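Chemist: Please find the sequence and the predicted model below.
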Amino acid sequence: MPEALVIGAGIGGIATALRLRKKGYCVTVLEANDYAGGKLHAISLGPYRFDLGPSLFTMPQFVDELFRLFDKDPKNHFSYIRKDTICNYFWDDGTFFSAKAAPEAFASAASTTFNEPEDRILDYLHNSKVKYDLTAPLFLESSLHKLNTYLSTGTLKAITQIHRLDLSRSLHQTNASYFKNTKLIQLFNRYATYNGSSPYITPGIMSMIPHLEMFFGTYLPKGGMHEISQSLYRLAVDQGVAFKFGEKVTSIRVASGKVQGVQTGSGTIDADVVVSNMDVVPTYRQLLPQAKAPEKTLKQERSSSALIFYWGIDREFPELDLHNILFSEDYENEFDHLFSKKDICNDPTVYINITSKHEKGDAPEGHENWFVMINAPGNYGQNWPELISRTRKNMIKKIKKTLKTDISPHIKEEYILDPRGIESNTSSYRGALYGAASNNKFAAFLRHPNFSQHIKNLYFCGGSVHPGGGIPLCLLSAKIVDDLVEQP
């Protein structure tokens, strides 16, 4: 049986291992950490449980599909609830909006709150769907670096409708062309953060993202987000995939233009196929120092990172839901700080995720587990202790203004994760959450392909390569690799 090695046990790596195992390969996953899941990890602080990484789960069909590959009923191994409310939004002037998942309910409530025509909001959501339907087969589900991708009828249809994709203007310009209310514009602008970009630079095609939440839904897995990676890890082990933890790969071995295997601290491992789930920048810089590196791709602007506070709170806040956003008063200034100044402004948008709203075991009765995150620049050597201290004070000030409560005395446990920790824990270059930023209308084409153009049988998956970051796209990257790898 031919051998395949996967470097990294992130969600993309586990999914790739499963698909290659189904294809007939003997698969081994090599992971430098002592756990599976990559960014989809978890910790406990006293009686509180927290998901460390991604907090939004959509398009669960891509997880279910992996169980069905092995004739398993997903419900017996992985379950989740669908949320009727996408997110609760708060502004400093007291405006509050609870965004419902159903488009009609969302449009009706948004029309009332923001004084915008309901049919205009529905038209925006319809166009969000059109953009997704036109581009998903090309930009998300196929390799952009293979000629046959461009010969499909779907691609030709997208090309004829290219004027509908808003590639020539920013997401902010697209949203401002639909709405007058600055708060509703800001609400739709925030979807740029789903791929770590600025709404004032990233193209308007990103206005397809609301469709993913409303049509496909938002969910919370039973057991928390960590259960996504752990359920797939258990499936992989059950199907005979081998995992070697604490096994750091030091180089990818290449001879005569073909991959031969890898070198680790323990020795040499031969393989017919190697897939790197490691960030593409350290993959080249550390594992392939002698290979011809795609410098233009590796030097692309990195996506934003995150500064996250994990707080065990000794009281409950009924006005908060699973997902909550406390918006900055000057959104453009916030993104200017992130991408131009590599800094955090003094009035950042605050995101609060509370899984104990549904997973009661995540916090003691009458308490809540707060995952409090703000967008942060990547790690460029900033004075992080000073930046973290200043930002913590600003966040607490903003929360007090919104919730009319000083949260400080209610924080019973605290853990802080900043871009340095994200970089060291997951090898994400500069701590970027999504690899390269999408602050360019050609960003999809500039991402690294899922295969090496110079080394035969070397492939790439995960958030730093095509089609992008986030759980659904990482799972799609595994599917693309599966399509590229030859049947043994």
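Modeler: Cool, got the structure.
Chemist: buried sites along stretch 312-319?
Modeler: Of all the residues in stretch 312-319, those buried under the rule 16 or more other CB atoms under 10 Å are 312, 313, 317. Any C-beta I mention is one placed from the backbone N, CA and C, and that applies to glycine too.
Chemist: From these, which land in strands?
Modeler: 312, 313 (DSSP state E).
Chemist: now the buried residues of stretch 312-319 in TSV, with pLDDT and distance to residue 458?
Modeler: Conversion of these to TSV gives the following (pLDDT from 0 to 100; distance: CB to CB, whole Å):
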residue	pLDDT	distance to residue 458
312	98	44
313	98	47
317	98	49
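Chemist: so how far is residue 340 from residue 28?
Modeler: 43 Å (CB to CB, to the nearest Å).
Chemist: of these two, who's got more company?
Modeler: residue 28 (18 against 10; other CB atoms under 10 Å).
Chemist: who touches the more buried one in this structure?
Modeler: 3, 4, 5, 6, 241, 242, 243, 244, 269, 271 (CB atoms under 8 Å, 6 or more residues apart in numbering).
Chemist: In three-state terms, how would it be classified?
Modeler: Here residue 28 is recorded as strand under DSSP: H, G, I helix; E, B strand; the rest coil.
Chemist: what is it paired to in the beta sheet?
Modeler: Taking DSSP bridges as the rule, residue 28 bridges to residue 5, residue 242.
Chemist: Setting the sequence-adjacent residues aside, check what's closest to residue 26.
Modeler: residue 1 (4.5 Å; CB to CB, 6 or more residues apart in numbering).
Chemist: looking at it, residue 10 is touching residue 33, isn't it?
Modeler: No: applying CB atoms under 8 Å, one finds residue 10 not in contact with residue 33, separated by 9.9 Å.
Chemist: Would you mind telling me which of these two has the busier surroundings?
Modeler: Under the criterion of other CB under 10 Å, the comparison of residue 10 against residue 33 puts residue 10 first, with 31 against 18.
Chemist: where does the protein have low pLDDT?
Modeler: Confidence mapping of the chain against pLDDT under 70 gives the ranges 137-164, 441-445.
Chemist: Specify the residue ranges that define each domain of it.
Modeler: Taking automatic domain parsing as the reference, the chain has its domains at 3-38+223-300+427-484, 102-216.
Chemist: What's the end-to-end length of the longest one?
Modeler: To tie it back to what came earlier, the one meant is domain 3-38+223-300+427-484. Counting by CA to CA, to the nearest Å, you get 16 Å between the two ends of domain 3-38+223-300+427-484.
Chemist: quick one: that domain to chain centroid distance?
Modeler: Relative to the chain's own centre, domain 3-38+223-300+427-484 is displaced by 16 Å; criterion: CA atoms, centre = their mean, to the nearest Å.
Chemist: Tell me who's in contact with the nearest residue to residue 362 once chain neighbours are set aside.
Modeler: For residue 362, ignoring the flanking residues on the chain, the nearest one in space by CB to CB, 6+ apart is residue 356 at 4.1 Å. Counting by CB under 8 Å, 6+ apart, residue 356 makes contact with 48, 362, 363, 367, 368, 369.
Chemist: ranges for the strands of the stretch 101-250 of the chain?
Modeler: Along the stretch 101-250 of the chain, counting by DSSP state E, counting those that start in this stretch, strands occupy 218-221, 242-245, 249-255.
Chemist: Which elements pack onto the second one?
Modeler: If I follow you right, that is strand 242-245. strand 26-31, helix 226-238 (3 or more CB pairs under 8 Å, 6 or more residues apart in numbering; DSSP states H and E).
Chemist: Could you rerun that using 7 Å?
Modeler: strand 26-31 (3 or more CB pairs under 7 Å, 6 or more residues apart in numbering; DSSP states H and E).
Chemist: Which SSE is immediately downstream of the strand it packs on?
Modeler: Of the helices and strands lying after strand 26-31 in sequence (DSSP states H and E), the nearest is strand 42-45.
Chemist: And the following helix or strand past that next one, how far out from the chain middle?
Modeler: Later in the chain than strand 42-45, the nearest helix or strand by DSSP H and E is strand 48-51. Here strand 48-51 shows a centroid-to-chain-centroid distance of 19 Å under the convention CA atoms, centre = their mean.
Chemist: contact partners of strand 48-51?
Modeler: Residues outside strand 48-51 that contact it (CB atoms under 7 Å, 6 or more residues apart in numbering) are 42-43, 224-226, 310, 312, 355, 362-363, 369, 371, 413.
Chemist: If you rank the residues you listed by neighbours, which is first?
Modeler: residue 225 (28 neighbours).
Chemist: give me every residue that touches the residue nearest to residue 26.
Modeler: Contacts of residue 1 (CB under 7 Å, 6+ apart): 24, 25, 26.
Chemist: can you redo those as JSON lines with neighbour count?
Modeler: Converted to JSON lines, these look like this (neighbours: other CB atoms under 10 Å):
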{"residue": "24", "neighbour count": "12"}
{"residue": "25", "neighbour count": "23"}
{"residue": "26", "neighbour count": "17"}
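Chemist: Nearest to residue 90 among the residues you listed?
Modeler: Proximity of those to residue 90 (CB to CB) peaks at residue 25, which lies at 49.4 Å.
Chemist: how near is the nearest residue to the closest one once chain neighbours are set aside to residue 17?
Modeler: Counting by CB to CB, 6+ apart, residue 4 is the residue found nearest to residue 25 once chain neighbours are left out, at 4.0 Å. Per CB to CB, residue 4 is found 8 Å from residue 17.
Chemist: quick revisit: as TSV, the contacts of residue 356 with distance to residue 165 and secondary structure would be great.
Modeler: Below are the contacts of residue 356 laid out as TSV (distance: CB to CB, whole Å; DSSP: H, G, I helix; E, B strand; the rest coil):
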residue	distance to residue 165	secondary structure
48	44	strand
362	40	helix
363	43	coil
367	46	coil
368	41	strand
369	40	strand
